[in-house]
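Colleague: fold the following.
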Amino acid sequence: MDSYFPADPVVLTWPAEDTSTPSHDPPAYDEARLPLNPVNYEFSPQGFNALLLLPPSNLPDTRPLYYISVAMNCMNPFSFITTVHKGASNSGPYVGEFEMGISTIPGTVAIGDCQKRIRDVVHHVHTRWTWTFRADRSQHIRWELPNSSTGIFNCFLASDPYPASPHLKIAQFKGASFNQKGTERTPPSMLRVYPTGQPLFDDILLSVLIIERRRLQPPAPQTYQTESIWWS
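Modeller: Below is the predicted model of the structure:
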């Protein structure tokens, strides 16, 4: 996957709403905003507990797409809540959230007002992770991770055959690599979304954040008391 480092300043503010009467109907969201080519987005740290998902600087609109923040569950300091909003801050439209950590309570994920257990919507078999949050099966997606150490995931519709042809990819994620040398600076995580994946962006983002968290967490201690309940 191509690396990306923003060369131009990123616009963090939204223009004031135009209250004048337009001379014609505005274009639909999909027509006006959805890219026609694959786009590489960068996860850019903001402070100690947040990320912005930034588009490349060569797009007409360089405003952040998502604001991702992490907070501790005060009732269980071993469990953390990741919340996703659209835009550049937590004042943007709410997308969803998930909670994972060391807990006897199963981890949960929510989109809008609907909350489900992570174990019921993220299914892991060998090198495949399937996301089935939506009732509409056409919105189920599958992440494939041929080599866990590289941190490169390929995303397809769950209905696509396995193994899927590369041209069917709807997204690709590059996370942390286990092969990186200790002297090298860790590159930012990247998310490439293809035109066919743009309508599923919320699900693509939430699912890969959960899967990457699962990939990076250490195994539970191998004791009878904790093995089955260690990670939510």
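
Colleague: how far is the strand of greatest length in the chain from where the chain is centred?
Modeller: Ranked by residue count under DSSP state E, the longest strand found in the chain is strand 76-86. Put simply, strand 76-86 sits 14 Å off its chain's centre (C-alpha atoms, centre = their mean, to the nearest Å).

Colleague: and that strand, average pLDDT?
Modeller: Here strand 76-86 scores 97 as its mean pLDDT.

Colleague: and that strand, what does it pack onto?
Modeller: Judged by 3 or more C-beta pairs under 8 Å, 6 or more residues apart in numbering; DSSP states H and E, strand 76-86 is in contact with strand 66-73, strand 94-101, helix 201-216. From N, CA and C alone the C-beta is placed, and that goes for glycine too.

Colleague: what count of nearby residues applies to Met221?
Modeller: No, residue 221 isn't Met; it's Pro. 9 (other C-beta atoms under 10 Å).

Colleague: which strand or helix spans it?
Modeller: Assessed by DSSP states H and E, Pro221 sits outside every helix and strand.

Colleague: report the separation between it and Pro77.
Modeller: 18 Å (C-beta to C-beta, to the nearest Å).

Colleague: okay, the residue nearest the centre of the chain: pLDDT?
Modeller: The centre of the chain sits closest to Leu205, judged by C-alpha atoms, centre = their mean, with a distance of 2.2 Å. Leu205 carries a pLDDT value of 99.

Colleague: quick one: contacts of the longest strand of the chain?
Modeller: 65-73, 90-103, 105, 202, 205-206, 209, 213, 232 (C-beta atoms under 8 Å, 6 or more residues apart in numbering).

Colleague: could you dump the helices and strands packed on strand 76-86 to CSV with distance to Cys114?
Modeller: Compiled in CSV, the helices and strands packed on strand 76-86 are given as follows (distance: least, C-beta to C-beta, whole Å):
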stretch, distance to Cys114
strand 66-73, 19
strand 94-101, 9
helix 201-216, 12
